[in-house]
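J.: here is a sequence together with a model predicted from it:
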Amino acid sequence: MDKKTSILISGQVPEFVREEYPLFVIFLEAYYEFLENKQGVKKNDLLTEAKKLKTTFDIDQSIENFEEYFFNTYTSLIPVEIEGNKELLIKNILPLYQSKGSESSFKFLFRFLFGEDPEIIYPKDSILRASAGKWKIDKSIKVSKNISSFYVADGNTKEFTTISKIGSSNIQVYLNNTLTTTGFKVLKEYNLIIFDSNLALNTNLEIFYDSVDRKIFNNRKVTGKTSLASTVIEKTFQRNLNNREVLELFIDDKTTVGDFEAGEVIETNVFIGETLINVRLRTISELNSITVTNSGSGYNVGDPVIITAPRSSRAPQAIVSSVFKGSIENITIINGGAGFTVGSPISAGGFGPPFVNIDINSVLLTSSNSANSFRIYSDIISDIDPANTYINTGSYGLSGPTSGNSNSIIRHTFSSTSFSNIGEIIGVQINSTQINFSTPPVLNAQAASVLIANIGSTLSNTTIFIDGFGSLGKTVIHNGGTGYNLRDELVFTNPAGSIGLGAAAEVTQVAANGAIQKIEFVPTKINGTANIFSGNTSVVGTGTFFDTELLVGDQIMVNGEIKLVDTITSNVLFNVNSAFSANSTGKFVRVFGTFLVGGQLYTQNTLPTVSVTSAGGSNANVQVVAIMGDGEQFTSSVGDPFGGIKSILIIDSGDGLRSVPELDLSDFGDGLATAEATLIPTVETFAGRFENQDGIISSSYTKLQGKDYYIDYSYVVASSIEFKKYKQVLKELLSPAGMIVYAETKRLNELEQRKVRVISEVNQEAA
């Protein structure tokens with residue numbers, strides 16, 4: 001009688017048997033209970049019934065009515081009418097109970113009952129927790145694509161496995177460090193290079209490749225040839241560095257031992273099929289940047305930088321790429337003045353070109369404060385040659401538009417010219433400054449000028465600068481006031497010691513409330529006022545003296561309209577050459593030619609004060625701030641000297657640099673400039689990053705903790721099965737105590753829905 005049969009007969013189960021055969025013990029105890037309660041079986045027959053168990057140790061062969069009893073006793077929560085294999089369930093019911101609450105128990109039960117795997121979701125994984133994100137600091141080794149495989153011949157082979165499927169034109173073969181181009185063939189489909197004969201014993205073979213699959217280096221250990229430092233490559237990426245492709249090997253500090261040296265060769269081995277091949281990679285060691293530490297002076301763009309790089313395979317090259325334009329570093333415009341043109345020079349401390357090369361690069365041509373044109377008479381006395389010109393000659397020696405005679409008015413025969421495209425300065429450009437100022441110098445912009453060609457007795461052209469006339473050029477409206485009207489007159493009052501005269505201006509634009517918005521300089525007025533009429537050429541005066549203050553041919557302005565005097569009828573009536581466009585009453589008649597527009601002989605240091613004459617306006621505050629060609633104000637800062645090195649351009653970053661190279665700038669400029677170089681680090685440490693979104697407030701899936709769902713003690717069973725079909729068995733059989741369970745019903749995907757529809761249609765047809 002064996003051990004199991006004796007246990008069955010005696011009914012005594014030792015503890016070690018319970019531990020070794022737990023399922024058997026459960027089955028045994030259940031079977032005894034079943035026999036005792038089974039109808040028709042007497043206690044004397046228990047031994048006989050028990051002996052039958054000798055043939056029923058395999059549950060697959062157990063009797064059907066005991067199987068039903070077992071289900072009722074130990075798996076009462078599981079439906080009896082299940083499609084799964086009952087014997088399989090009985091065999092695994094104990095592990096199912098023992099793994100209660102684990103994902104494996106859920107999946108086993110669902111596979112057995114419903115034939116599918118559920119998805120177990122834990123809301124606690126989506127709870128926002130401070131500083132819960134996984135922080136990682138990446139490190140990488142940059143290597144060139146100059147990759148080689150190397151071998152030491154054993155004297156018995158002529159075939160060697162390559163690490164890339166490329167042809168003979170894409171590799172370079174070296175035997176004992178000598179380039180070899182014949183005596184071999186490449187079978188790229190098989191990763192083989194075959195020599196014509198066996199290579200001699202201890203021959204060093206090294207093959208360089210144009211391209212290599214970067215993935216072969218993942219999870220390989222690399223070792224520095226000189227430093228003996230080592231690490232494991234986690235992943236490999238290809239990137240551009242200084243306009244060339246390199247490989248970036250990402251590593252982890254946990255696997256790194258020692259420090260790699262700049263420019264050293266690192267070695268590893270890779271599997272090609274089942275062959276392990278030794279590989280050499282060359283770390284990137286080249287110039288990363290050059291920083292100027294002392295700019296010096298007198299350097300030019302293109303001056304070479306002498307670079308000394310011992311033990312490098314290729315020395316770097318660099319040149320001076322930009323220099324400082326001078327010690328004036330920047331200029332700020334405080335007041336743009338009036339009467340300036342683009343291209344006019346600006347002197348500094350009394351120095352102009354070529355020592356100081358600064359000019360105006362933009363002026364404001366549409367300003368409400370200053371005029372953008374200025375007209376003068378251009379006749380020059382020396383042109384007329386007064387020693388040989390007589391007052392009764394036909395033209396007086398003048399070049400004006402009107403032919404003169406003994407009865408002509410001289411001012412009508414003057415020729416005129418205009419300063420055009422003038423305005424206040426709004427932009428300046430520093431080209432170069434060869435004077436080294438220790439403090440910011442006084443800056444002075446050259447006024448606009450016109451060139452008058454030589455005629456008559458003048459032997460050369462004459463340049464006329466606008467600031468020589470002393471005409472007012474710019475006003476500033478500090479407060480526009482209220483209630484003013486168009487053509488209200490401005491009155492200029494000279495301070496003591498000023499001799500300026502002839503300035504006149506009018507309001508030419510007001511706001512809806514009568515605030516002054518724009519002022520324009522106009523010609524001086526004559527006595528009285530006048531009325532004009534739309535479509536009419538007559539000017540009717542009040543308190544005027546047209547007979548004595550006007551001449552036929554005079555250019556006049558009334559209400560902003562410019563005309564020529566055609567006929568003078570009386571002191572109160574004259575006609576102009578063309579009709580007026582609007583009616584106007586009580587306006588001044590202003591005459592060109594008596595004074596320049598803006599007046600004359602004013603100086604920048606003794607500008608007049610301004611008041612506005614108006615019938616209803618008040619509180620305006622207007623100031624004259626500049627004469628034509630003056631009034632500009634600048635501030636500047638002093639920086640590096642002229643020709644000081646601003647930046648250095650690396651033309652060739654070199655290769656194989658074993659140390660930081662020395663830079664020499666003593667052969668050019670003043671020889672005092674200095675600079676420092678930095679290398680691309682062999683091992684680069686990147687800024688840290690989060691590997692996941694845990695703990696990030698702006699994350700799309702993290703949620704604030706809630707009392708029911710987003711807590712540590714809840715889980716979700718996601719399945720296409722309705723919750724009511726497994727609710728009881730889940731809660732009473734598998735769900736861990738203290739846990740809240742939620743159910744999520746998944747929708748069938750389109751393929752499954754189509755499958756369900758087909759099965760349904762087949763069943764309907766069969767019915």
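T.: Yes, it's here.

J.: centroid residue for the protein?
T.: Per CA atoms, centre = their mean, the C-alpha nearest to the average position across the chain is that of residue 687, at 18.2 Å.

J.: next, count neighbours for the residue nearest to that residue when sequence neighbours are not counted.
T.: Distances taken as CB to CB, 6 or more residues apart in numbering put residue 137 closest to residue 687, at 7.7 Å, once the chain neighbours are dropped. Yep, even glycine has a C-beta here, placed from its N, CA and C like the rest. Neighbour count of residue 137, defined by other CB atoms under 10 Å: 11.

J.: then residue 232?
T.: 16.

J.: could you check how far residue 272 is from residue 582?
T.: Residue 272 sits 96 Å away from residue 582, going by CB to CB, to the nearest Å.

J.: I should have written residue 685 there, sorry.
T.: With distances taken as CB to CB, residue 685 is found 78 Å from residue 582.

J.: one more: residue 196?
T.: 106 Å.

J.: same check on residue 442?
T.: From residue 442 to residue 582 the distance is 49 Å (CB to CB).

J.: what of residue 126?
T.: Distance from residue 126 to residue 582, by CB to CB: 78 Å.

J.: same check, this time on residue 152
T.: From residue 152 over to residue 582 (counting by CB to CB), the distance is 105 Å.

J.: in the chain, which spans are helices?
T.: Shown for the chain, the helices assigned by DSSP state H span residues 3-10, 15-20, 22-37, 46-51, 64-74, 86-98, 103-114, 381-384, 546-549, 727-729, 750-766.

J.: distance check, residue 533 against residue 589.
T.: 15 Å.

J.: which of the two has more neighbours?
T.: Counted by other CB under 10 Å, residue 533 and residue 589 do not tie: residue 589 has more neighbours, with 25 against 15.

J.: residue 530 is in contact with that one, correct?
T.: Yes - shown here, residue 589 and residue 530 form a contact pair, counting by CB atoms under 8 Å, at 5.1 Å.

J.: who touches both of the two?
T.: Shared contacts of residue 589 and residue 530 (CB atoms under 8 Å, 6 or more residues apart in numbering): 539, 541, 544, 558.

J.: which ones among those are found in strands?
T.: 539, 541, 558 (DSSP state E).

J.: the spatially closest residue to residue 622 that is not a sequence neighbour pairs with what?
T.: Excluding its sequence neighbours, the residue lying closest to residue 622 (CB to CB, 6+ apart) is residue 610, at 4.6 Å. Taking DSSP bridges as the rule, residue 610 bridges to residue 492.

J.: with residue 360 instead?
T.: The partner residues for residue 360, given DSSP bridges, come to residue 428.

J.: for residue 719, give me the pLDDT.
T.: Residue 719 carries a pLDDT value of 84.

J.: ignore the last one, residue 151
T.: If you check residue 151, the pLDDT there is 96.

J.: can you check residue 700 too?
T.: 64.

J.: next one: residue 77
T.: On pLDDT, residue 77 comes in at 56.

J.: also the one 4 residues further on?
T.: Reading off the confidence values, residue 81 has pLDDT 52.

J.: for the stretch 501-650 of the chain, what spans make up the strands?
T.: Listed in chain order, the strands of the stretch 501-650 of the chain (DSSP state E, counting those that start in this stretch) span residues 505-510, 516-521, 524-525, 529-532, 538-542, 555-558, 561-570, 573-576, 584-587, 589-591, 609-613, 621-627, 630-638, 645-652.

J.: the first one - what's its average pLDDT?
T.: Computed over strand 505-510, the mean pLDDT rounds to 96.

J.: which elements pack onto it?
T.: strand 489-493, strand 516-521 (3 or more CB pairs under 8 Å, 6 or more residues apart in numbering; DSSP states H and E).

J.: and those strands as a markdown table, adding mean pLDDT?
T.: As requested, the helices and strands packed on strand 505-510 are exported to a markdown table (pLDDT from 0 to 100):
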| stretch | mean pLDDT |
| --- | --- |
| strand 489-493 | 96 |
| strand 516-521 | 95 |
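
J.: show me the one of those strands that comes nearest residue 377.
T.: Closest approach to residue 377 among the helices and strands packed on strand 505-510 is made by strand 516-521 (17.1 Å; CB to CB).

J.: quick one: contacts of that closest one?
T.: With contacts defined as CB under 8 Å, 6+ apart, strand 516-521 is touched by 368-369, 371, 471-473, 475, 477, 480-481, 484, 488, 490, 503-511, 597-598, 612, 617, 620, 622.

J.: kindly give a single PyMOL line that selects the buried subset of those residues.
T.: Here is the PyMOL command that selects only those of the contacts of strand 516-521 that count as buried (16 or more other CB atoms under 10 Å):
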select buried, resi 369+371+471+472+473+475+477+480+481+484+488+490+503+504+505+506+507+508+510+597+598+612+617+620+622
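
J.: contacts only, for the closest residue to residue 572 other than its chain neighbours.
T.: Among residues not flanking residue 572 along the chain, residue 541 sits closest, at 4.3 Å (CB to CB, 6+ apart). If you count contacts by CB under 8 Å, 6+ apart, residue 541 has them with 528, 529, 530, 571, 572, 573, 589.

J.: what is the nearest of these to residue 277?
T.: Using CB to CB, the contacts of residue 541 come closest to residue 277 at residue 589, 104.3 Å.

J.: that closest one pairs with what?
T.: residue 558.

J.: what about it, distance to residue 603?
T.: Residue 589 is 29 Å from residue 603, by CB to CB.

J.: run through the bridge partners of residue 472.
T.: residue 627.

J.: ok, it touching residue 498?
T.: No - when contacts are counted by CB under 8 Å, residue 472 is not listed as touching residue 498 (11.5 Å).

J.: stretch 271-290 - what's its average pLDDT?
T.: 90.

J.: tell me how far it is from the chain's mean position?
T.: 33 Å (CA atoms, centre = their mean, to the nearest Å).

J.: dump it to PDB, keeping only the CA atoms.
T.: Output of stretch 271-290 as PDB, limited to C-alpha atoms (Å, rounded to 0.1, in the frame of the first residue of the first chain):
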ATOM      1  CA  PHE A 271      27.600  41.200 -33.000                       C
ATOM      2  CA  ILE A 272      27.000  40.800 -36.800                       C
ATOM      3  CA  GLY A 273      25.000  37.600 -36.900                       C
ATOM      4  CA  GLU A 274      26.800  35.300 -34.600                       C
ATOM      5  CA  THR A 275      30.200  36.900 -35.100                       C
ATOM      6  CA  LEU A 276      31.700  39.300 -32.500                       C
ATOM      7  CA  ILE A 277      33.700  42.100 -34.200                       C
ATOM      8  CA  ASN A 278      36.000  44.700 -32.600                       C
ATOM      9  CA  VAL A 279      35.100  48.300 -33.500                       C
ATOM     10  CA  ARG A 280      36.800  51.600 -33.000                       C
ATOM     11  CA  LEU A 281      35.000  54.900 -32.700                       C
ATOM     12  CA  ARG A 282      36.700  58.300 -32.500                       C
ATOM     13  CA  THR A 283      35.400  60.900 -30.100                       C
ATOM     14  CA  ILE A 284      34.800  64.400 -31.300                       C
ATOM     15  CA  SER A 285      37.500  66.800 -30.200                       C
ATOM     16  CA  GLU A 286      37.300  70.100 -32.000                       C
ATOM     17  CA  LEU A 287      36.900  73.800 -31.300                       C
ATOM     18  CA  ASN A 288      33.500  74.700 -30.000                       C
ATOM     19  CA  SER A 289      33.900  78.500 -29.600                       C
ATOM     20  CA  ILE A 290      36.400  81.300 -29.300                       C
END
